[in-house]
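Participant: show me how the following folds:
(4 chains)
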4 protein chains.
Amino acid sequence: MTFAPPYGAPDGLLHRLRDAAAGRWDAYCWHPFVQQLAEGSLPLPAFRRYLTQDWLFLIQFARAKALAAFKAESLEALRSKASSLNALLSEMQMHLNFCAEWGLSEADVLAELEAPQTVAYTRWVIDRGLAGDILDLEVALAPCTIGYGEIALRIAAHPGRKRVGNPYEAWIETYASLGYQALASGAATRLDRLGETHGGAARFASLSATFSEAARLEADFWQMGLDAKS
Amino acid sequence: MTFAPPYGAPDGLLHRLRDAAAGRWDAYCWHPFVQQLAEGSLPLPAFRRYLTQDWLFLIQFARAKALAAFKAESLEALRSKASSLNALLSEMQMHLNFCAEWGLSEADVLAELEAPQTVAYTRWVIDRGLAGDILDLEVALAPCTIGYGEIALRIAAHPGRKRVGNPYEAWIETYASLGYQALASGAATRLDRLGETHGGAARFASLSATFSEAARLEADFWQMGLDAKS
Amino acid sequence: MTFAPPYGAPDGLLHRLRDAAAGRWDAYCWHPFVQQLAEGSLPLPAFRRYLTQDWLFLIQFARAKALAAFKAESLEALRSKASSLNALLSEMQMHLNFCAEWGLSEADVLAELEAPQTVAYTRWVIDRGLAGDILDLEVALAPCTIGYGEIALRIAAHPGRKRVGNPYEAWIETYASLGYQALASGAATRLDRLGETHGGAARFASLSATFSEAARLEADFWQMGLDAKS
Amino acid sequence: MTFAPPYGAPDGLLHRLRDAAAGRWDAYCWHPFVQQLAEGSLPLPAFRRYLTQDWLFLIQFARAKALAAFKAESLEALRSKASSLNALLSEMQMHLNFCAEWGLSEADVLAELEAPQTVAYTRWVIDRGLAGDILDLEVALAPCTIGYGEIALRIAAHPGRKRVGNPYEAWIETYASLGYQALASGAATRLDRLGETHGGAARFASLSATFSEAARLEADFWQMGLDAKS
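Facilitator: Below is the predicted model:
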């Protein structure tokens, strides 16, 4: 399928990364899990599995943001990352509330073991962030932050989308919201800018491998949800 | 099953870690993959899959050893870790040669994508090493170094072991060799000592969670081999 | 001199660290810079030099707190460190305002080069935090957070303290305030607890070397201020 | 003074870094300590102070090389860094022998406290390496590896150089040797290449700040030697 890139400048780093990883990007952004979310046909156990693992994911994602704050190259960047970390930590409480609406108690969620796919993606991001610089880290994180925004837009554009009676409507609306869309778009703009200041063009082969691997690990994460036993 | 711990002091950290994780430890050290190695019944594609992923594993394992060198708390420790890193890098060439005997060319091996299970275990180890201290890192690495030694002993003790005509004999002998057994035993002794100097008793709950998680991720690694399509 | 330890449990880690480093601790907490602050006799250029370097120090201190958030071993600890990081970033604006009262414009402060003593202490803390675990990092940070609280109490108890017309009264009151004293006392309690859960007793020799080195580097920092040319 | 850059390509990253930091580079490469080495007039206590601190420096330098191995982006790079780490560790024994010739026993050297200048430079390098990528780390290390080579050439070209009866002849010859010159030249070539693959041009402002800061901290290190009390 083709889906026009919704964020970032046409000649910016994000567009180039997305184009170079087109196959994996589509496999992630339009994974059967996503399509079934859009059509309201996803089995409930798959969604519950995803929700609990996403909680465990968010804890590590917050650590990755703390790492980005540590690596910040200016006080302004440090403030921005610290603020973003705190926003994430606030949202995590909402995630637990959302889990509760799906019949997953806080105790259930906290008792869950991390799936290998959760471990793989999160620790790989952290390692990229420690082995590389802030651009390497941001490229590794981009498929999550930016991808979820694009996924919501792809769902909105899907002819087969079910709106009335779709049990996943609240999830979809979270990421389709103006607030989240602005966040994704802002992240894209910052990534493009970071690409300019940090040699994105010269480093493209390496950055592209990182972006593509992140998309692959994100798709594995959806698949882990889909594979949940009922 | 019960298998007497072959390395480390009876009241040392390793024995305690191994006992506390008994279920996962056995699931790793006597995984169906291991049993089938012993009995010579493991499908060849499973072994080939394991071999290629193990190569990718070793690259990250070498990075973890470099990290241990960076974290070394004395010049003596730094020398020891650097020497261990260089020994590993030398052995890696032998691994490629071994792959070649199994019909896996260097190009085949290098073209392989990391399985999620490989990413999960290796990057999790590196993250434990960065988030924690040298003891956290060594505990995360122990199931690999020490576990392979014990696995070879379990295979040797297995009544159903096939020796003649077992295609995996060379692999088994590598880890059953005096050289590897001394390495595993030495690693156990060092871990016990590190436990004493670094508060292993007080930190046991956390260290035990690390050791147990490493055993789980190692068992996932065997399973990934076993799941290989023929 | 003897000054009774104001924070932490009598048999806790902090008291032991403080006792073992008594000479350096006193040399830091009752450095001539501090005594001259108390007596209002510190040359203004020395204080200005300190203030501008302290600004540069705080930027790195914020990075060390981000590192602590990354290393946090629970979501609760992560929230606590992130909150502490944000509080620090807010206070840094006050520091700039305070500098302005001393005739140091924001531009002056931002144009300042880091003194070797500032580089030494801050990067050493960050390295301890990366080489070691959260306890190593907190021990390296303790002389700053906790020491400033004790310094304010030592000043308050100094017979020769000048209150009326002391140009440094505002600085002294900042750290003598109930708010800062509660912060220092809370940090001490957390350090004692961390000592219990992370093997502080077994690791004492190493932790003591860290604490003592931090006190030495803090004393060097005062001396750097005192050495400022007028 | 002007001294033609002896290593690296005329349009490569190293030349640009060196030019942009010309003032500090000269202040480091032709520090009074260096000039007095060349002329044989350096007070012995200054040299002894330098030698003992250099030993402490080398331990941290080895840790920085271990960090470079951890950050290596290919197996080839990992091998190269591990090999370089081992070479350094071997040379460190020679350094102790050299100290012994200067009347500094191993016990003397090991009992020495790190000077603030030693702490500042070494931990700053490590922090740059952790906050940034491999290029940031290599740029931070370059003034040491490459600078010592250039310093030996500047000494050789100095009209006032004393050869006969210069107590520092052995030190000078170490760095003027073909072996060391090849090492410095090779490091320059690798840095230029890393500049190309890692966006050196786009990142020049940041890299230049790193290189310049390293030169400043290296000059402080010489000054620390020169300031030694007799």
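Participant: what residues does chain A put near chain D?
Facilitator: Applying Cβ under 8 Å from any Cβ of the partner chain, we find that chain A lies next to chain D at A:70-71, A:73, A:130-134, A:136, A:196-203, A:206. In this view, the C-beta of every residue, glycine as well, is placed from N, C-alpha and C.
Participant: please redo it, this time with the cut-off set to 6 Å
Facilitator: Within reach of chain D by Cβ under 6 Å from any Cβ of the partner chain, chain A has these residues: A:71, A:131-133, A:198-199, A:202-203.
Participant: of the residues you listed, which is the nearest to chain B?
Facilitator: Nearest to chain B out of those is residue A:131 (Cβ to the nearest Cβ; 8.0 Å).
Participant: just checking, that closest one touches residue D:71?
Facilitator: Yes. The pair formed by residue A:131 and residue D:71 meets the contact definition of Cβ atoms under 6 Å, at 5.0 Å.
Participant: neighbour-wise, which of those two wins?
Facilitator: Using other Cβ atoms under 10 Å in any protein chain shown as the criterion, residue A:131 and residue D:71 rank with residue D:71 on top: 27 against 18.
Participant: distance of the more buried one from residue A:61?
Facilitator: 22 Å (Cβ to Cβ, to the nearest Å).
Participant: please apply the same query to residue A:133.
Facilitator: Relative to residue A:61, residue A:133 is positioned 19 Å away (Cβ to Cβ).
Participant: residue A:112 touches residue A:52, doesn't it?
Facilitator: Yes. Using Cβ under 6 Å, residue A:112 is in contact with residue A:52, at 4.6 Å.
Participant: so which of those two has more stuff around it?
Facilitator: The neighbour count for residue A:112 versus residue A:52, taken as other Cβ under 10 Å, is higher for residue A:52 (24 against 16).
Participant: next, the contact list for the more buried one, please.
Facilitator: Counting by Cβ atoms under 6 Å, 6 or more residues apart in numbering or on different chains, residue A:52 makes contact with A:109, A:112.
Participant: the same query, at a cut-off of 8 Å, please.
Facilitator: With contact taken as Cβ atoms under 8 Å, 6 or more residues apart in numbering or on different chains, residue A:52 is in contact with A:99, A:104, A:108-109, A:112.
Participant: lowest-pLDDT helix or strand in chain A?
Facilitator: helix A:106-111 (a mean of 88; mean pLDDT, DSSP states H and E).
Participant: roughly how far is whatever helix or strand comes next after that helix from the heart of the chain?
Facilitator: In the C-terminal direction, the helix or strand that comes right after helix A:106-111 (DSSP states H and E) is helix A:116-131. Here helix A:116-131 is found 13 Å from its chain centre; the criterion is Cα atoms, centre = their mean, to the nearest Å.
Participant: ok and the residue in chain A nearest chain D?
Facilitator: residue A:199 (1.2 Å).
Participant: in which helix or strand would I find that residue?
Facilitator: Using DSSP H and E, no helix or strand contains residue A:199.
Participant: tell me where chain A has helices.
Facilitator: Secondary structure of chain A (DSSP state H): helices located at A:13-20, A:22-29, A:32-39, A:44-70, A:75-101, A:106-111, A:116-131, A:134-157, A:169-176, A:178-197, A:204-226.
Participant: please identify the most buried of those.
Facilitator: helix A:116-131 (a mean of 25; mean count of other Cβ atoms under 10 Å in any protein chain shown).
Participant: related to what we said a few turns ago, which among the residues of chain A next to chain D count as buried?
Facilitator: A:71, A:131-133, A:198-199, A:202-203 (16 or more other Cβ atoms under 10 Å in any protein chain shown).
Participant: state the pair within those residues that is farthest apart.
Facilitator: A:71 and A:202 (19.8 Å; Cβ to Cβ).
Participant: just give me the closest of the residues of chain A next to chain D to chain C.
Facilitator: Checking the residues of chain A next to chain D against chain C with Cβ to the nearest Cβ, the nearest one is residue A:71 at 8.4 Å.
Participant: measure the closest one to residue A:65 for me?
Facilitator: 11 Å.
Participant: and residue A:112, by the same measure?
Facilitator: Taking Cβ to Cβ, one finds residue A:112 at 22 Å from residue A:65.
Participant: repeat that for residue A:100.
Facilitator: Residue A:100 sits 24 Å away from residue A:65, going by Cβ to Cβ.
Participant: ok, residue A:76 next?
Facilitator: 16 Å.
Participant: now do residue A:154
Facilitator: Taken as Cβ to Cβ, the span from residue A:154 to residue A:65 is 25 Å.
Participant: which residues of chain A score low on pLDDT?
Facilitator: Filtered on pLDDT under 70, chain A yields the residue ranges A:1, A:229-230.
Participant: return the residues of it in contact with chain B.
Facilitator: Residues of chain A lying close to chain B by Cβ under 8 Å from any Cβ are A:63, A:113, A:116-117, A:119-121, A:123-124, A:126-127, A:130-131, A:216-217, A:220.
Participant: dump the residue contacts of residue A:188.
Facilitator: A:7-8, A:12, A:14, A:142, A:146.
Participant: same question but for residue A:199, I mixed them up
Facilitator: A:135, D:198-203.
Participant: let's see 6 Å
Facilitator: The neighbourhood of residue A:199, defined by Cβ under 6 Å, 6+ apart, consists of D:199, D:202-203.
Participant: from residue A:13, how far out is the residue nearest to the spatial centre of chain A?
Facilitator: Of all residues in chain A, the one closest to the mean position by Cα atoms, centre = their mean is residue A:144, 1.6 Å from it. For residue A:144, the distance to residue A:13 (Cβ to Cβ) stands at 16 Å.
Participant: having no further points to raise, I will conclude here.
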